[in-house]
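A.B. asks: Fold the following.
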Amino acid sequence: MAAPPLAGIRVADFTWVWAGPYCTLQLGYMGAEVIRVETRNRLCVTRHMTPMADGKAGPNRSGYFNQYNQNKKSVSINLQSAEGRAVAQRLALASDVVTNNFAAGVMERLGLGYEELRKAKPDIIMITMSGFGETGPLREYVAYGPAQVPLSGLSALTGYKGGPPLHAGFSYGDPNGGIHGAFAVLAALYHRARTGEGQYIDLSQWETSVAMVAEGVVEYQMTGQEPERMGNRDHWMAPHGLFRCKDMAEKIAGRSIDMWVSIAVANDDQWRRLAAAIGHPQLADDARFATLQARKHNEDELEAIITQWTSQRFAREAEQALQRAGVPAAIASTNKDLFEDPHLNQRGFFVEKEHPEVGVRKHLGPPWRMSRTPSGVERAAPILGQDTDDVLTTVLGYTAAEVAKLREAGALT
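C.D. replies: Sure thing, here's the model as predicted:
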């Protein structure tokens, strides 16, 4: 079997929280050796985040951390000590790529800035995924993913007509920034393979978020007007939205779970199929709904008719009936639905690896399959400092006695 696409590439991973680790997760999926630099003096916040395995707290038990740090090694270094910073620099110079998502200037203060590293290793690649980029008036501002949602303009586009802006429901800026970061690193590696040249990548998480909702900016600059929030409706399709169904048949933790089905009708032919599927074929030629313009004009009435049908059915039942009729429809999946979904499980999307502390747990793997260069999850996320001695001796060339001396001096935590 061929080697993974990034086999032989080493990444010194100084990232933390979500955006940075999500970037290096993708590189690890593709076979890169990702060595995550941590410290007990300032644990990554995700090591404290729930859910915790079996409800027991601990820095190695976070499902959140263990999801986004699969395939990585962990070394625990005291970056507050000169000896520790020297170890970190040695690791950086032994790597092809150095990643971080600190604010501007942090890596330089640690002696790990790009200009410093490239003096000793001209072909090194470094990416900094800061909140606002390395230049500009906001370069020193601290940022977290949730703030990127309103900052990007996404909240201004999200919400119901006449209502306030709404959050997207999760920290959209983090994984989005991480994906863009991984793409940029791949491009830099390709450039280095062709030219032998390394380079510095300055990524702004804010800009990666804005780039995904450009339509709002375009509409404003072309018309001078802000796009109107319209809930789950669409400019060019009707009906288009989420329609209430019967509650989930079983309760979760004693609670009833409301269920919904998403329907998107792109043209009049699909509308005729939908009308027949819900038992009202005459609506296809009804003057209120026969054309897109008519359906948009009478959208409230249209949605009420569809809801009357969906509300009498379980979401999966509605989805399957509409799909059989050739109407694009899908349930609004719960996490239970996803966890148990036969399609995702048959494709091997979920992976189960033995974790040193919490045992075998099911996690998400990469959402792609490559026919010639395999990629995937080879090992569970590491416990804190799990690979410190191994990396220092086998990768960096320290002797066991030197490692013991560094630990005694407080350079390793």
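
A.B. asks: so V261, which of the three states?
C.D. replies: Per DSSP: H, G, I helix; E, B strand; the rest coil, the local secondary structure of V261 is strand.

A.B. asks: What distance do you get for it to A315?
C.D. replies: 5 Å (Cβ to Cβ, to the nearest Å). The C-beta positions use only the backbone N, C-alpha and C, and glycine is treated the same way.

A.B. asks: Next: E301.
C.D. replies: Taking Cβ to Cβ, one finds E301 at 23 Å from A315.

A.B. asks: before we move on, back to that, so for V261 and A315, which residues contact both of them?
C.D. replies: C245, I331, A332 (Cβ atoms under 8 Å, 6 or more residues apart in numbering).

A.B. asks: Most neighbours among those, which one?
C.D. replies: Among the shared contacts of V261 and A315, the one with the most neighbours (other Cβ atoms under 10 Å) is C245, at 24 neighbours.

A.B. asks: ok so, going back, the more surrounded of E301 and A315?
C.D. replies: Between E301 and A315, A315 has the larger neighbour count (other Cβ under 10 Å), namely 27 against 11.

A.B. asks: Number of residues surrounding L392?
C.D. replies: 23.

A.B. asks: Let me know whether it touches V403 as I believe.
C.D. replies: Yes. L392 lies in contact with V403 (Cβ atoms under 8 Å); the separation is 5.1 Å.

A.B. asks: Mind listing the shared neighbours of those two?
C.D. replies: With Cβ under 8 Å, 6+ apart as the test, L392 and V403 both reach L412.

A.B. asks: So which residues of the stretch 251-400 of the chain form helices?
C.D. replies: Secondary structure of the stretch 251-400 of the chain (DSSP state H, counting those that start in this stretch): helices located at 268-277, 292-297, 299-310, 315-324, 335-340, 342-346, 388-390, 400-408.

A.B. asks: Output those in JSON lines; the columns should cover distance to V218.
C.D. replies: Formatted as JSON lines, these follow (distance: least, Cβ to Cβ, whole Å):
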{"stretch": "helix 268-277", "distance to V218": "28"}
{"stretch": "helix 292-297", "distance to V218": "22"}
{"stretch": "helix 299-310", "distance to V218": "25"}
{"stretch": "helix 315-324", "distance to V218": "33"}
{"stretch": "helix 335-340", "distance to V218": "33"}
{"stretch": "helix 342-346", "distance to V218": "35"}
{"stretch": "helix 388-390", "distance to V218": "50"}
{"stretch": "helix 400-408", "distance to V218": "54"}
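
A.B. asks: Those: which one's closest to E354?
C.D. replies: helix 388-390 (17.6 Å; Cβ to Cβ).

A.B. asks: Could you pull up the mean pLDDT of that closest one?
C.D. replies: Regarding helix 388-390, the rounded mean pLDDT is 98.

A.B. asks: residues making contact with it?
C.D. replies: Contacts for helix 388-390 (Cβ under 8 Å, 6+ apart): K73, S74, V75, S76, I77, A400, V403, L412.

A.B. asks: May I see the buried residues of stretch 368-377?
C.D. replies: With burial defined by 16 or more other Cβ atoms under 10 Å, the residues of stretch 368-377 counted as buried are P374, S375, G376, V377.

A.B. asks: of the shared contacts of V261 and A315, closest to L91?
C.D. replies: A332 (44.7 Å).

A.B. asks: so how far is A276 from the closest residue in space to the closest one that isn't next to it in sequence?
C.D. replies: Leaving aside its sequence neighbours, A332 sits nearest to W260 (Cβ to Cβ, 6 or more residues apart in numbering; 4.1 Å). From W260 across to A276, the span is 22 Å (Cβ to Cβ).

A.B. asks: Which one of the two is surrounded by more residues?
C.D. replies: When W260 and A276 are compared for neighbours, W260 comes out ahead with 19 against 15, by other Cβ under 10 Å.

A.B. asks: Residue nearest the middle of this structure, spatially speaking?
C.D. replies: P175 (2.9 Å; Cα atoms, centre = their mean).

A.B. asks: Going by neighbour count, which residues of the helix or strand harbouring that residue are buried?
C.D. replies: If you go by DSSP states H and E, P175 is part of helix 173-195. Of the residues in helix 173-195, 173-182, 184-186, 188-189, 192 count as buried by neighbour count, 16+ other Cβ under 10 Å.

A.B. asks: now stretch 312-332, how far from the centre of its chain.
C.D. replies: 28 Å (Cα atoms, centre = their mean, to the nearest Å).

A.B. asks: average model confidence for that stretch?
C.D. replies: On average, stretch 312-332 scores 97.

A.B. asks: now stretch 239-249
C.D. replies: What stretch 239-249 shows for mean pLDDT is 96.

A.B. asks: Identify all contacting residues around it.
C.D. replies: Defining contact as Cβ under 8 Å, 6+ apart, one finds that stretch 239-249 is touched by 231-234, 256-265, 271, 274, 295, 299, 302-303, 306-307, 310-315, 317-318, 332, 334.

A.B. asks: Let's see stretch 160-172 as PDB, backbone CA atoms only.
C.D. replies: This file holds the C-alpha atoms of stretch 160-172, laid out as PDB (Å, rounded to 0.1, in the frame of the first residue of the first chain):
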ATOM      1  CA  TYR A 160     -35.800  35.800  10.900                       C
ATOM      2  CA  LYS A 161     -37.400  38.700   9.100                       C
ATOM      3  CA  GLY A 162     -37.800  41.700  11.400                       C
ATOM      4  CA  GLY A 163     -35.800  39.900  14.100                       C
ATOM      5  CA  PRO A 164     -32.300  40.500  15.500                       C
ATOM      6  CA  PRO A 165     -29.000  39.000  14.200                       C
ATOM      7  CA  LEU A 166     -28.500  35.500  15.400                       C
ATOM      8  CA  HIS A 167     -25.400  33.400  16.200                       C
ATOM      9  CA  ALA A 168     -24.700  30.500  13.800                       C
ATOM     10  CA  GLY A 169     -25.100  27.900  16.700                       C
ATOM     11  CA  PHE A 170     -21.400  27.000  17.000                       C
ATOM     12  CA  SER A 171     -17.900  28.600  16.900                       C
ATOM     13  CA  TYR A 172     -17.900  28.800  13.100                       C
END
